[in-house]
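> quick one: sequence plus predicted model below, questions after.
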Amino acid sequence: MAETVQTLPAERRTEVLRQSWSVGIATGLYGISFGALSVAAGLDLWQTQALSLLMFTGGSQFAFVGIIGTGGLAAAPAAIATATMLSIRNGLYALQTRKFLDARGAKRLAAAQLTIDESTAVGLAQPEQPAQKLGFWHTGIAVFLFWNLMTFIGALAGNAMGDPKVYGLDGAAVAAFTALVWPRLASTTARLTAALAVALALVSSPLVPAGIPVLIAALAAVALGLRSAAHHEPPLEGEDGELPGSDPVP
């Protein structure tokens with residue numbers, strides 16, 4: 001990271017750092033709701049913290065504890081499958097970030113852990129490679145630090161607060177997923193895919209165990225996505241390579 005800092009003018013470096021840490025702080029605040037919801041779902045403090053430290057992808061974490069909270073340990077396979085499917089996008093992001101990161105060895109492992117919506121979006125938003133590197137690393141580190149800190153605080157407060165629904169924390173997860181999906185519904189195909197996924201989840205919910213409706217909806221969305229790709233639709237990114245929307249949770 002030292003080379004990146006040296007090759008950027010001070011004013012430009014400050015601009016990128018301000019953007020990176022602003023995103024990190026704003027995103028990290030969602031960790032409070034995750035920590036509280038995880039404890040309410042039956043996980044203890046250290047299990048909750050381990051999810052944020054090791055899984056570190058908010059959409060998957062919210063889905064995992066949501067399914068566990070609904071179906072208990074019996075729903076663990078569905079929870080794991082759903083969380084894994086939701087995190088596949090991070091692997092796709094890596095195909096974009098590797099072009100400007102050029103990370104090797106231990107740094108490559110760190111980059112893999114920090115490749116999330118926010119770090120990818122901030123990195124790709126920069127026009128020059130040094131700023132892309134700086135934006136990626138600082139955004140990833142900022143989100144990781146604040147997300148884990150807020151998870152710890154939320155988990156500690158979870159038992160004292162009682163039912164998180166009283167404080168509207170359950171709504172934070174819904175808001176996070178909505179904010180993730182909404183910017184990406186720009187095309188007719190995307191809107192139809194989302195509508196089909198919602199319909200399948202609602203129809204199947206009374207008929208199958210907890211967690212399975214999410215898998216059914218996700219598989220349908222993937223199938224439609226592959227069909228769109230086969231018809232050579234434009235990739236999901238802006239003209240300058242920037243992602244059109246970023247997940248408010250990592």
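Arrived safely, thanks for sending.

> what are the ranges of the helices in this protein?
Under the criterion DSSP state H, helices of the chain are mapped to 2-6, 10-28, 30-40, 45-50, 58-71, 76-101, 106-114, 117-125, 129-161, 169-181, 188-204, 212-230.

> where does pLDDT dip in the protein?
Under the criterion pLDDT under 70, the flagged ranges of the chain are 1-6, 161-184, 210-211, 229-250.

> Ala220: what's it in contact with?
The contact partners of Ala220, taken as Cβ atoms under 8 Å, 6 or more residues apart in numbering, are 193, 196-197, 200. Placement of C-beta: from N, CA and C, glycine included.

> which of these sit farthest apart?
Checked with Cβ to Cβ, those reach their widest spread between Thr193 and Leu200, with 10.8 Å between them.

> between these two, who's got more neighbours?
Each of Thr193 and Leu200 had its neighbours counted (other Cβ atoms under 10 Å), and the higher figure belongs to Thr193 (23 against 18).

> from Asn159, how far out is the more buried one?
Computed as Cβ to Cβ, to the nearest Å, the Thr193 to Asn159 distance reads 39 Å.

> again with Ala125
Relative to Asn159, Ala125 is positioned 40 Å away (criterion: Cβ to Cβ).

> if you count what's nearby, which of these two comes out ahead?
More crowded of Ala125 and Asn159, by other Cβ under 10 Å: Ala125, with 19 against 12.

> thought the more buried one was touching Thr139?
No. Under the criterion of Cβ atoms under 8 Å, Ala125 lies out of contact with Thr139, with a separation of 9.9 Å.

> identify the contacts common to those two.
Jointly contacting Ala125 and Thr139 under the rule Cβ under 8 Å, 6+ apart are Gln19.

> what about the closest residue to Leu29 other than its chain neighbours, neighbour count?
The spatial neighbour of Leu29 that comes closest, neighbours along the chain excluded (Cβ to Cβ, 6 or more residues apart in numbering), is Met150 at 6.0 Å. The burial count assigned to Met150 is 21, neighbours taken as other Cβ under 10 Å.

> quick one: contacts for Met150?
Taking Cβ under 8 Å, 6+ apart, we find Met150 in contact with 28-32, 34-35.

> so which of the residues you listed is the closest to Phe144?
Within the contacts of Met150, the smallest distance to Phe144 is 8.6 Å, found for Gly28 (Cβ to Cβ).

> the closest one contacts Phe146, doesn't it?
Yes. Counting by Cβ under 8 Å, Gly28 does reach Phe146; the two are 2.4 Å apart.

> what's the separation between Ser38 and Ala201?
In this structure, Ser38 and Ala201 are 22 Å apart, going by Cβ to Cβ.

> neighbour-wise, which of the two wins?
In terms of neighbours (other Cβ under 10 Å), Ser38 is the more surrounded of Ser38 and Ala201; the figures are 29 against 17.

> and the gap between the nearest residue to Ser38 once chain neighbours are set aside and Val65?
The shortest distance from Ser38 to any non-neighbouring residue, by Cβ to Cβ, 6+ apart, is to Thr48 (4.0 Å). Note on Thr48: its distance to Val65, by Cβ to Cβ, is 8 Å.
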